[in-house]
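Student: make a model of this:
(one chain, ligands or ions: 2)
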Amino acid sequence: MNNPETMALRCAACGRTHALDELAWRCADCHGVLDLTGFTPVMPKAADLATRRPGLWRYAEALPIAEPPGITMGEGMTPLVTAPGQPGVGLKIDYLMPTGSFKDRGAVMLAALAARLGVTRLMADSSGNAGTSVAAYAARAGIACDVYVPESTSAGKVAQLRAYGATVHQIPGTREDTAHAAARAADEPGVFYASHVYHPFFLHGTKTYVLELWEQLEGRLPDTLVLPVGNGTLVLGAYLGCAELLDQGLIDRLPRIVAVQASGCAPLATAFADGRPEPADITTHGTVAEGIAIAAPARGRQILAAVRATGGIIVTVTDEQVHAAHAALARSGLYVEPTSAVCWAAIRADLVDTTPRPDGLPAVVAPLCGSGLKSKPPA
Ligand SMILES: *Cc1c(COP(=O)(O)O)cnc(C)c1O
Ligand SMILES: [Zn+2]
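Tutor: Ligands and ions are numbered 1, 2, ... in the order given. Below is the predicted model:
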């Protein structure tokens, strides 16, 4: 079942497969992104779930790797609360994760795989929540961790990475220069690139967002999932979770995915509006939602296809709307980082149909996926 020895990574563009222990992070032939094959996820039965501890490892048969003792920090099974003044909307509180963001769902899968493959060093290249999360789980696993960040990364974030024991490489120049330095390092033999963007194990971790929701709503899903989108790790994970539940006959249709971008950096919303299959070439104008300011998402084609397959849409919100949504959430006791207010901004702007359902289930669920405690104080 969840035995990594039978699995492989398959190029989404040309179909070439790579064994997991080749440590490929993209296709060796065409540089396409890799997906996981050779694995049949099975959602556990309700009777089995009733006897299991809270946390994402309760879905063991649906995950590509077994619970790594000594590495897990109890991640998963975050609360679902009713949104302030919106009875038809649920908010899933993913900022209550060990490192304060939903990235722990994916990072724990990568750390478990790295431990299983016996790697002694891994690397990551994000200065945001993904880098923090990978560094924390690498520390748990006792695996050395190198993190590549732009030189402009705040001292606080560098200090946090170092506190976890990571070696921080500060790269001069642009965000793209950092990406190039990371890609060069990732191509060295024997390096495990624990990339939230490229490694498909990460998406099999983030899919637990939907598996939990399905269980919390007693075997159903809301009509609409509102999700932030930059690199698409939550959108693609959520889509994967929904598709797996549909395949197993556990839901009868996919919920609509409404993905939210910041208007200052919206390659996916632009492509969606133009009916194109690939992210648009854009120039970033900067945004307060820095966690989703991704100009060229590597899995952009997959994100656009996933949202379209659900009958969904990709919308944008302005910085002004994000500021207002952030303040409104805090006034109701929910303190998130500004990026995590984009979904609430879209709901407040009536970009999402929130009409309550007759059966009392939330019509719409959005995540609050990054803690305010780690973000810069508002200007
Ligand atoms: C990573 C992150 C996002 C965006 O996720 P993508 O995978 O880039 O789409 C949104 N909000 C928070 C708090 C994040 O950490
Ligand atoms: Zn390929």
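
Student: residues from the stretch 201-350 of the chain in reach of ligand 1?
Tutor: Listed as neighbours of ligand 1 in the stretch 201-350 of the chain under the rule CB under 6 Å from any ligand atom: 228-234, 291-292, 294, 337, 339-340. Where you see a C-beta, it was placed from the backbone N, CA and C, and this is true even at glycine.

Student: quick check: of those residues, which lies closest to Glu212?
Tutor: Using CB to CB, Leu234 comes nearest to Glu212 of those, at 12.9 Å.

Student: list the contacts of that closest one.
Tutor: The contact partners of Leu234, by CB atoms under 8 Å, 6 or more residues apart in numbering, come to Phe102, Thr206, Tyr209, Leu227, Pro228, Pro367, Cys369.

Student: quick one: the helix or strand harbouring it to chain centroid distance?
Tutor: For Leu234, the host element (DSSP states H and E) is helix 233-247. Taking the mean C-alpha point of helix 233-247 and that of its whole chain, the gap between them comes to 11 Å (CA atoms, centre = their mean, to the nearest Å).

Student: could I get the CA-only coordinates of it as PDB?
Tutor: C-alpha atoms of helix 233-247 as PDB (Å, rounded to 0.1, in the frame of the first residue of the first chain):
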ATOM      1  CA  THR A 233       0.500  23.700  -3.200                       C
ATOM      2  CA  LEU A 234      -2.800  24.000  -1.300                       C
ATOM      3  CA  VAL A 235      -4.900  24.300  -4.500                       C
ATOM      4  CA  LEU A 236      -3.300  21.200  -6.000                       C
ATOM      5  CA  GLY A 237      -3.300  19.300  -2.800                       C
ATOM      6  CA  ALA A 238      -7.000  20.100  -2.200                       C
ATOM      7  CA  TYR A 239      -7.800  19.100  -5.800                       C
ATOM      8  CA  LEU A 240      -5.900  15.800  -5.300                       C
ATOM      9  CA  GLY A 241      -7.800  15.100  -2.100                       C
ATOM     10  CA  CYS A 242     -11.200  15.900  -3.800                       C
ATOM     11  CA  ALA A 243     -10.300  13.800  -6.900                       C
ATOM     12  CA  GLU A 244      -9.300  10.800  -4.600                       C
ATOM     13  CA  LEU A 245     -12.600  11.000  -2.700                       C
ATOM     14  CA  LEU A 246     -14.500  11.200  -5.900                       C
ATOM     15  CA  ASP A 247     -12.600   8.200  -7.300                       C
END
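
Student: which of the contacts of Leu234 fall in helices?
Tutor: Of the positions in these, Thr206, Tyr209 sit in helices, assigned by DSSP state H.

Student: could you pull out the buried residues of stretch 147-156?
Tutor: Along stretch 147-156, the positions that meet the burial threshold by neighbour count (16 or more other CB atoms under 10 Å) are Val147, Tyr148, Val149, Pro150, Thr153.

Student: among those, give me the pair with the biggest separation.
Tutor: Using CB to CB, the buried residues of stretch 147-156 span at most 11.3 Å, a distance reached by Val147 and Pro150.
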